[in-house]
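Enquirer: Provided below are the primary sequence and the corresponding predicted coordinates.
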Amino acid sequence: MDNIVVLGAGSGGAMTANILRRKLDRDEAHVTIVDKSTKHFYQPSFYLVPFGYLDPDQSRDVRDIMHSDVEFVHDAVAGVDPDAQTVELEETDDLEYDYLVVATGHRLAPDATPGMVEAWEGPDHVYPFYHYEAALEMKEGLEEFDGGTFVVTQPNTPIKCPGAPLKMTMLADDYFRRRGIRDDVEVIMTRNAEHHFGVQPYREKLYELWDERDIQFEANFSVEEIDPDAGVIHAADGREIDYDFYAPVSPQFGQEAITENSPLTEGDDENDGQYVTIDQYTLQHTEYDDVFALGDCENAPHSKTAAAARKEAHIVSKNLVSAMNDEPLRAEYSGYAACPLLTEKGKAMMAEFDYEDSISAPVNSKLNWILDVNILPSVYWDAWMRGYDPLP
């Protein structure tokens with residue numbers, strides 16, 4: 001019997017562990033999943049909760065979403081030795097594995113931007129909404145806000161759900177209009193890139209919407225420091241933006257147990273060793289054949305979204321089973337990712353794309369809103385997270 005260890009019980013890890021458990025007989029493999037938290041959050045809710053579009057309680061106990069035959073180890077990963085095929089844990093004994101799936105996600109690091117933590121903890125309206133606590137606090141802050149400059153910034157690092165800052169910006173603009181205070185609010189979003197969204201034709205459509213609604217985009221803006229006392233965001237090139245209400249995205253990195261205490265990220269020069277190095281199609285590690293990775297923690301050139309992890313979970317599961325049976329790895333990940341771009345209350349545009357091209361048309365519709373806000377949360381919890389997927 002093979003021991004399969006999955007690191008991380010987020011979207012990618014939970015789906016993969018449950019799919020593997022359903023694919024394999026009990027006498028073929030023992031599946032273990034490790035996470036330092038017992039809570040699994042529906043992270044797309046973090047930009048919906050502040051506006052009251054989803055209930056704040058969007059989490060489940062990890063054990064409630066895992067197959068009963070998947071062993072859950074509640075502990076933090078301290079390191080991985082792929083030569084010895086062991087995972088070091090902080091509190092309990094090391095785990096031995098025959099196959100390892102790394103799905104440890106991103107580490108949010110607000111302290112990597114000078115002044116961000118102080119601004120968040122201070123009396124100012126600063127809410128790094130990728131953190132669940134900040135998303136909850138932001139709802140009350142928005143209700144109290146009556147005018148000024150509303151700013152969303154992005155860090156210089158890759159981020160999970162790259163569309164979330166745009167959604168936060170557009171939903172805030174719409175929220176201020178509905179409250180009748182939009183004329184008293186300047187809405188700005190920054191990104192350390194030439195454009196606010198990387199994929200056409202969605203980018204062009206978004207520019208049209210932003211021009212119509214007078215939403216300002218600051219290109220190539222690299223946040224260097226936040227001055228919470230003065231309410232100023234400083235860029236590396238000397239530009240400054242004053243804020244009255246600020247929703248920054250925290251810098252994000254790989255988990256230190258993987259980046260510092262394993263060789264799994266070596267050779268990833270482009271991302272400074274932050275990401276597990278894998279073949280972008282098979283999702284198998286480039287050096288260790290018994291290691292696979294998916295989601296935000298790896299270096300395949302796809303958008304870091306739950307939709308991407310969902311597709312990857314099936315590829316990893318198929319190829320891992322093939323490896324167990326000494327068969328060629330025939331399943332290939334296309335780079336598929338999807339991002340429902342919520343443009344206002346009741347309307348959204350579904351952006352779908354892969355390594356090669358865009359897939360869906362840039363249609364801004366009520367149906368896309370219903371799909372994302374009213375349907376997908378239930379599908380996420382009741383099907384995808386449990387390893388069921390009628391359209392893998």
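Expert: The structure has been received and is ready for your questions.
Enquirer: Now A247. Nearest residue, chain neighbours left out?
Expert: Nearest residue to A247, sequence neighbours excluded (CB to CB, 6 or more residues apart in numbering): V152, at 4.8 Å. From N, CA and C alone the C-beta is placed, and that goes for glycine too.
Enquirer: what's the answer for I359, then?
Expert: E352 (4.0 Å).
Enquirer: wait, what's in contact with P44?
Expert: P44 makes contact with C161, A164, A306, D372, L376, P377, according to CB atoms under 8 Å, 6 or more residues apart in numbering.
Enquirer: Tell me which helix or strand the spatially most central residue of the chain sits in.
Expert: Centre of the chain computed as the mean C-alpha position; nearest residue by CA atoms, centre = their mean is K160, 3.2 Å away. Under DSSP states H and E, no helix or strand contains K160.
Enquirer: which phi and psi does it have?
Expert: Main-chain torsions, K160, degrees, to the nearest 10: phi -80, psi 150.
Enquirer: OK, contacts around it?
Expert: Q43, G105, H106, Y130, Q252, D296, K304, T305.
Enquirer: And these, which is closest to L209?
Expert: Nearest to L209 among the contacts of K160, counting by CB to CB, is T305 at 20.7 Å.
Enquirer: Pretty sure the closest one sits against G335.
Expert: No: the pair T305 / G335 is not scored as a contact, 11.4 Å apart, by CB atoms under 8 Å.
Enquirer: the more surrounded of those two?
Expert: T305 (25 against 19; other CB atoms under 10 Å).
Enquirer: where's the more buried one relative to G10, distance?
Expert: 12 Å (CB to CB, to the nearest Å).
Enquirer: same deal with A306?
Expert: 9 Å.
Enquirer: E143 now?
Expert: From E143 to G10 the distance is 30 Å (CB to CB).
Enquirer: ok, those two, which is more surrounded?
Expert: Ranked by neighbour count (other CB under 10 Å), E143 and G10 place G10 first, with 24 against 11.
Enquirer: ok so, going back, from the contacts of K160, list the buried ones, please.
Expert: Neighbour-count burial (16 or more other CB atoms under 10 Å) applied to these gives Q43, G105, H106, Y130, Q252, D296, K304, T305.
Enquirer: Switch those over to JSON lines; also include distance to M15, pLDDT and secondary structure.
Expert: Formatted as JSON lines, the buried ones among the contacts of K160 follow (distance: CB to CB, whole Å; pLDDT from 0 to 100; DSSP: H, G, I helix; E, B strand; the rest coil):
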{"residue": "Q43", "distance to M15": "14", "pLDDT": "91", "secondary structure": "helix"}
{"residue": "G105", "distance to M15": "13", "pLDDT": "95", "secondary structure": "coil"}
{"residue": "H106", "distance to M15": "17", "pLDDT": "93", "secondary structure": "strand"}
{"residue": "Y130", "distance to M15": "21", "pLDDT": "96", "secondary structure": "coil"}
{"residue": "Q252", "distance to M15": "21", "pLDDT": "96", "secondary structure": "strand"}
{"residue": "D296", "distance to M15": "14", "pLDDT": "96", "secondary structure": "helix"}
{"residue": "K304", "distance to M15": "15", "pLDDT": "94", "secondary structure": "coil"}
{"residue": "T305", "distance to M15": "13", "pLDDT": "94", "secondary structure": "coil"}
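Enquirer: Which of these sits closest to T113?
Expert: Proximity of the buried ones among the contacts of K160 to T113 (CB to CB) peaks at Q252, which lies at 11.2 Å.
Enquirer: which residues pair with the closest one across the strands?
Expert: L108 (DSSP bridges).
Enquirer: quick one: contacts for it?
Expert: H106, R107, L108, A109, Y130, P155, T157, P158, I159, K160, D296.
Enquirer: pLDDT score for P392?
Expert: Note on P392: pLDDT of 70.
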